[in-house]
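*Asks:* Would you be able to build a 3D model of this:
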Amino acid sequence: MSDYRVASRYAKSLIDLSIEKGVLADVNNDMVAFSEVCTQNHDFYLMLKNPIINHDKKLKILKALFSDRFNALSIAIFELITRKHREAFLPAIAKEFHHQYNVNKGIETATVVTTFPLTDALRKEFNEAVHQLTGKTPELIEEVDENIIGGFILKLGDKQVDDSISGKLKELKLEFSHNPYVKNF
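*Replies:* Numbering: from 1, shown residues only. Next up, the predicted model:
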């Protein structure tokens, strides 16, 4: 079974259970924090994926790191998944849980790439633009990339608005590469 299918099933069950218990927002915060730890600490991520490390040892590490900060339901799902020897799927489950939480709450994730960190005024403008385009509450992911030279790139799902200088330069290059006076055979 693919990682996505396993993660989707566990995340759906966890969403339903957390709604039933009334701790949906707390569990979402836990899953976002867990995803950040997996992203920022590659050794931790590799430890979860490592088949040589004993499952009980992985559970002890998870409890030592998260039991005092996370909701009891989040710790319970860690225990359940570790007992089933599927802790390698935990990072994917956490990401999928956050995705399903956003769908459940009507939140649209948008990525904004600029050459500098966004100010509060610009952040507000992007939030309003995303809200007008989608009709949903926006969740902005901000990225800084100096290679775009200036302007911005806004990504909404499978759509992208490229208003960067590097994007316009690429368009010009493509336009100049086409010569209307030369016959194409």
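*Asks:* hang on, residue 82 in a helix?
*Replies:* Yes: under DSSP: H, G, I helix; E, B strand; the rest coil, residue 82 sits within a helix.
*Asks:* residue contacts, it?
*Replies:* 55, 58-59, 62 (Cβ atoms under 8 Å, 6 or more residues apart in numbering). For glycine as for every other residue, the C-beta is placed from the backbone atoms N, C-alpha and C.
*Asks:* Apart from its chain neighbours, what residue comes closest to it?
*Replies:* In this structure, residue 82 finds its nearest non-sequential neighbour in residue 59, 4.3 Å apart by Cβ to Cβ, 6 or more residues apart in numbering.
*Asks:* For that neighbour, identify the helix or strand it belongs to.
*Replies:* Using DSSP states H and E, residue 59 sits in helix 55-66.
*Asks:* got a list of contacts for that helix?
*Replies:* 30, 34, 37, 47-48, 74-75, 78-79, 82-83, 85, 87.
*Asks:* for stretch 119-133, same thing?
*Replies:* By Cβ under 8 Å, 6+ apart, stretch 119-133 touches 108, 110, 112, 114, 118, 136-138, 140, 142, 154, 156.
*Asks:* Of the contacts of helix 55-66 - the most surrounded one?
*Replies:* Counting neighbours by other Cβ atoms under 10 Å, residue 74 leads the contacts of helix 55-66 with 26 neighbours.
*Asks:* Any idea how far the helix or strand where that one lies is from the middle of the chain?
*Replies:* Assessed by DSSP H and E, residue 74 sits inside helix 72-83. How far helix 72-83 lies from its chain's middle: 21 Å, per Cα atoms, centre = their mean, to the nearest Å.
*Asks:* and what of stretch 42-49?
*Replies:* 18 Å.
*Asks:* try stretch 62-69
*Replies:* Offset of stretch 62-69 from its chain centre (Cα atoms, centre = their mean): 22 Å.
*Asks:* Could you do stretch 14-24 as well?
*Replies:* 20 Å.
*Asks:* now stretch 137-156
*Replies:* Worked out by Cα atoms, centre = their mean, stretch 137-156 lies 15 Å from the chain centre.
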